[in-house]
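# Here is the input, now give the coordinates:
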Amino acid sequence: MTLQCLPLAPSELGESPFWHPEEKCLYWCDIQGLAVHAWTPGDGRHRQWKTPSEPGCCAPAADKKIVIGLRDGFYLLDTTTGAFTLLALLPPDRHDTRVLRLNDGRCDAAGRFWAGSVISPRTAPDAALWRLEVAEGGYRVHYMAGDNFTANGLAFSPDNRYLYWSNTPEHRIDRFDFDVATGAIANRQPWVQFGRKVEGQPYGGRPDGAAVDVEGNYWVAMYEGACVLQLSPAGQVLQRIEVPVQCPTMVCFGGADLRTLYITSARAGRPVEEQEAAIPAGSLLSVRVTVTGLPVNRFKA
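Purely as a prediction, here's the structure:
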């Protein structure tokens, strides 16, 4: 198993990668770099679109468009013209002294777009999970869950029975029962709890972005842990992939056979020695794996 560093400039905060099967390219967000990127392995073509605020997450839609969660709500980006179209704003932030933005997200198999939020400073667990869907006369945003500091790790099981959602600062991944027909979630349970930082002891990181394979295994980037973990449907560690960056942020499956694991990472706020390393913080990595990933779900606008 050989990791590769892709020939791309580091992202400040790389997140939300997805493989576009028709375009045969990888998309991802640079949250703090205020841009969405696309890279085609076949010919090395790299494109980027500047965003008006932080792009927390993205997913493919129809007609050369992608759906994006920005600071204040949900938008469509036309990748041909670069134009943004507002779909729906988030409800007004009830915290006058703190700032909310959308973070990790993805679409479900029915074409709804889900996105978690983060509130700065993180003084209370007021981050939430939102669901965007087509409604009569436009689009509707539903509040689905709360009690989170930094929403991450959103993923769905292959049989659509479960929704996974992590609370990164709490070092915990929760699992909900999921009804794909209605979009309802219920019966939230702690699924995996990781150890916190303890001075003088090895630290394995905390759960950030994730993806699920066809066997139902959950692959999660461990922020500050310099690794990606493959967890079984029972939450057991099946594999640990060490990476040459301290802060991997999210993974996705890509390539024609969906057996290339792409890994984004973070540069912003990292020490100078990490930023100037041979493989610098913020690099985008890839590694071949033996199991097939799930294809990306598309937003039904």
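
# And the residue located most distally from the centre of the chain, how far from Gly105?
The centre of the chain is farthest from one residue, Gly200, which by Cα atoms, centre = their mean lies 30.7 Å away. Look at Gly200 and Gly105: by Cβ to Cβ, to the nearest Å, they are 37 Å apart. Quick note: C-beta positions are derived from backbone N, CA and C, even for glycine.

# same thing with Glu276?
32 Å.

# And Gly293, by the same measure?
Taken as Cβ to Cβ, the span from Gly293 to Gly105 is 18 Å.

# Look at those two and report which has more neighbours.
Gly105 (29 against 25; other Cβ atoms under 10 Å).

# Surely Asn167 touches Thr150?
Yes - when contacts are counted by Cβ atoms under 8 Å, Asn167 is listed as touching Thr150 (7.0 Å).

# Please list all residues in contact with the residue nearest to Ser157 when sequence neighbours are not counted.
Spatial nearest neighbour of Ser157, chain neighbours left out: Gly216 (5.5 Å); criterion: Cβ to Cβ, 6 or more residues apart in numbering. Gly216 makes contacts with Ser157, Pro158, Asp159, Ser232, Pro233, as judged by Cβ atoms under 8 Å, 6 or more residues apart in numbering.

# I'd like a version of those residues in TSV, one that adds pLDDT, distance to Thr81 and secondary structure as further columns.
Listed next are the contacts of Gly216 as TSV, based on pLDDT from 0 to 100; distance: Cβ to Cβ, whole Å; DSSP: H, G, I helix; E, B strand; the rest coil:
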residue	pLDDT	distance to Thr81	secondary structure
Ser157	98	37	coil
Pro158	98	36	coil
Asp159	98	38	coil
Ser232	98	44	coil
Pro233	98	42	coil
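
# Next, the contact list for the closest residue to Leu26 other than its chain neighbours, please.
Nearest residue to Leu26, sequence neighbours excluded (Cβ to Cβ, 6+ apart): Trp39, at 5.1 Å. Listed by Cβ under 8 Å, 6+ apart, the contact partners of Trp39 are Leu6, Leu8, Cys25, Leu26, Arg45, His46, Arg47, Leu284.

# One more: Arg206?
Applying Cβ under 8 Å, 6+ apart, the residues near Arg206 are Thr168, Pro169, His171, Phe194, Met222, Tyr223, Glu224, Gly225.

# repeat that for 7 Å
By Cβ atoms under 7 Å, 6 or more residues apart in numbering, the residues touching Arg206 are Thr168, His171, Phe194, Met222, Tyr223, Glu224.

# Over to Arg131?
By Cβ under 7 Å, 6+ apart, the contact set of Arg131 is Arg112, Trp114, His142, Met144, Gly183.

# now swap in Leu86 and tell me
By Cβ under 7 Å, 6+ apart, the neighbours of Leu86 are Gly73, Tyr75.

# now the strands for the stretch 151-300 of the chain?
151-156, 162-167, 172-179, 184-193, 206-212, 218-223, 227-231, 237-242, 248-254, 260-265, 285-288 (DSSP state E, counting those that start in this stretch).

# So for Thr80, which of the ones you listed sits nearest?
strand 248-254 (21.9 Å; Cβ to Cβ).

# Work out the gap between stretch 55-64 and the centre of the chain.
Using Cα atoms, centre = their mean, to the nearest Å, the mean C-alpha position of stretch 55-64 is found 12 Å from that of the whole chain.

# Buried residues in it, which are they?
Pro55, Gly56, Cys57, Cys58, Ala59, Pro60, Ala61 (16 or more other Cβ atoms under 10 Å).

# Over to stretch 147-155?
Asn148, Phe149, Thr150, Ala151, Asn152, Gly153, Leu154, Ala155.

# Only alpha carbons, please: show it as PDB.
What follows is stretch 147-155, C-alpha atoms only, in PDB (Å, rounded to 0.1, in the frame of the first residue of the first chain):
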ATOM      1  CA  ASP A 147     -26.000  18.800  20.600                       C
ATOM      2  CA  ASN A 148     -22.700  19.000  18.700                       C
ATOM      3  CA  PHE A 149     -19.600  21.200  18.800                       C
ATOM      4  CA  THR A 150     -18.200  20.600  15.300                       C
ATOM      5  CA  ALA A 151     -20.300  18.500  13.000                       C
ATOM      6  CA  ASN A 152     -18.300  16.000  10.900                       C
ATOM      7  CA  GLY A 153     -18.200  12.500   9.600                       C
ATOM      8  CA  LEU A 154     -21.600  12.400   7.900                       C
ATOM      9  CA  ALA A 155     -22.200   9.200   6.000                       C
END
